[in-house]
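[1] The following block contains a protein sequence and its predicted model.
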Amino acid sequence: MALDRPVHLTAFERIIAYTPIHALWAGQEWVIVFFVLSGLVLSLAASKGQPFDAASYYPRRLVRLYIPVWAAVVLAAFAHVAVSHHAVRGATPWLNSHSVSLSLGRTAHDLTLIFGAGDGSLTTVLWSLKWEVLFSLLLPAYLLAAQKLNPILLTCASLLVILLGGSGYTHYMPVFMLGVVLAYSRPWITQHLTRTRALILLPVSFCLLSGDWWMPSERLGITLVAVGAAGMVACGMVPGHFSRVLDNKPFQLVGSRSFSLYLVHEPLLVALAFALGGTPSLPLLLLVAIPLIALVTEVFYRVVERPAHRLARMVAARPLPAVS
């Protein structure tokens, strides 16, 4: 017997689901934005002419990614044990998808970030970290392509792969290239993308970011999302109202803790929903979840992520042992 009740959307729910407002809460679309940002940030130094130092880059990058993830998996496992995750009649399909037994094999997959991470076991947010790790490992190839190929050609090729591809690799890996192209095109962007043009591009990009629901093809939808993500990041590179808003202390504070927030929010939200019976009212769930997630995020950042950053810098600065 099916445990899930039919979903009947109210008028308000239809508005937030099937209009550009959809982009405000669409998690996967904002992950695409972060993929573009990763491509931009990791390639900025090379785009300015600094040589790529693999001996320093790889230890630093892997430590910064894996230590917080491992800690987040431990937190998710603890939440799974502390609160029974069993299917509840009438609960949402998303919540009931977390009603899986704790498995050593699934946990090991999550810890690797490569083999099936985030497949619905402990915390599904890890699906995006798989692509982050793969991009981090392949960064030299991305930099080489950006150095050798025309940026317009590279952008068109990346979007074409997204449009014609049919797997996660072709959907997500080219998105990082859009960020790399932005890094190498930064002088041109800051010169030609004026404040006025950015004010026009920003709402257009925001609408494209929600393009997956109104396009007839999923592939075309994710392609438009990638274009919108790149456009929004480009707008943030231009001095103006949007960049000043992003430079405000509240945005900087949230941005510095965004990785910790991303890692801890789902296990806590799921555990709370199950603890409240599986079908809590949204106001009650948010009333409890928001302060709890904010508190755990801050603790996680101070105890796990920030020390991981320090360790990453130490590991990257340590000279390699001489080979006799």
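    Structure's in. What do you need?
[2] Give me the pLDDT for E298.
    Note on E298: pLDDT of 97.
[3] Neighbours of it, how many?
    Residues near E298, counting by other CB atoms under 10 Å, number 14. All C-beta atoms are positioned from the backbone trio N, CA, C, and that covers glycine.
[4] Does it fall in a helix, a strand, or a coil region?
    helix (DSSP: H, G, I helix; E, B strand; the rest coil).
[5] so it touches R257, yeah?
    Yes: in this structure E298 lies within contact range of R257 using CB atoms under 8 Å: 6.9 Å.
[6] F259 contacts I67, correct?
    No: under the criterion of CB under 8 Å, F259 makes no contact with I67, lying 11.2 Å away.
[7] So the two - more neighbours on which side?
    Taking neighbours as other CB under 10 Å, F259 and I67 compare with F259 leading, 21 against 17.
[8] What strand or helix carries that one?
    Assessed by DSSP states H and E, F259 sits inside helix 258-275.
[9] just checking, what packs against that helix?
    helix 54-82, helix 93-96, helix 282-300 (3 or more CB pairs under 8 Å, 6 or more residues apart in numbering; DSSP states H and E).
[10] can you put the ones you listed in a markdown table and add distance to P174?
    Putting these into a markdown table (distance: least, CB to CB, whole Å) gives the following:
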| stretch | distance to P174 |
| --- | --- |
| helix 54-82 | 20 |
| helix 93-96 | 28 |
| helix 282-300 | 31 |
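[11] ranking the ones you listed by burial, who's on top?
    helix 54-82 (a mean of 18; mean count of other CB atoms under 10 Å).
[12] shaky segments in the chain?
    1-26, 116-121, 211-216, 318-324 (pLDDT under 70).
[13] Backbone dihedrals for Q50, please?
    phi -80, psi 140 (degrees, to the nearest 10).
[14] how far away is it from P283?
    The spacing between Q50 and P283, counted by CB to CB, to the nearest Å, is 50 Å.
[15] ok, now L246?
    Distance, L246 to P283, by CB to CB: 30 Å.
[16] and if you look at G277?
    From G277 across to P283, the span is 15 Å (CB to CB).
[17] for E218, same thing?
    E218 is 33 Å from P283, by CB to CB.
[18] and what of L134?
    L134 is 40 Å from P283, by CB to CB.
[19] Over to G255?
    28 Å.
[20] Can you name the residues that contact V245?
    Contacts of V245 were listed using CB atoms under 8 Å, 6 or more residues apart in numbering, and they are F251.
[21] same deal with S136?
    Going by CB under 8 Å, 6+ apart, S136 touches L42, R61, L62, L65.
[22] export those residues to CSV and tack on distance to P267?
    What follows is those, written out as CSV (distance: CB to CB, whole Å):
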residue, distance to P267
L42, 27
R61, 24
L62, 23
L65, 18
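[23] Of those, just say which sits nearest to L153.
    L153 lies nearest to L42 out of the contacts of S136, by CB to CB, at 21.3 Å.
[24] Ignoring the adjacent residues along the chain, who's closest to that closest one?
    L139 (5.8 Å; CB to CB, 6 or more residues apart in numbering).
[25] That neighbour and Y57 touch, don't they?
    Yes: using CB under 8 Å, L139 is in contact with Y57, at 7.4 Å.
[26] Now the two most distant members of the contacts of S136.
    Within those, L42 and L62 form the most distant pair, 12.7 Å apart (CB to CB).
[27] and T223, how many residues sit next to it?
    26.
[28] And the next helix or strand past the helix or strand containing it?
    Element membership for T223, per DSSP H and E: helix 218-236. Beyond helix 218-236 on the C-terminal side, the first helix or strand identified by DSSP H and E is helix 241-246.
[29] And for P187, the neighbour number?
    When neighbours are counted by other CB under 10 Å, P187 registers 10.
[30] sorry, that was for L269
    By other CB under 10 Å, the residues close to L269 number 20.
[31] who touches the nearest residue to it once chain neighbours are set aside in this structure?
    Distances taken as CB to CB, 6+ apart put A289 closest to L269, at 5.4 Å, once the chain neighbours are dropped. By CB under 8 Å, 6+ apart, the contact list for A289 reads L268, L269, L272.
[32] State the distance from the second one to Y172.
    Just to be clear, that refers to L269. Applying CB to CB, the value for L269 to Y172 is 24 Å.
[33] which residues of the stretch 51-200 of the chain fall in helices?
    With DSSP state H, counting those that start in this stretch, the ranges of helices along the stretch 51-200 of the chain come out as 54-82, 93-96, 104-112, 127-148, 151-164, 168-184, 186-192, 195-209.
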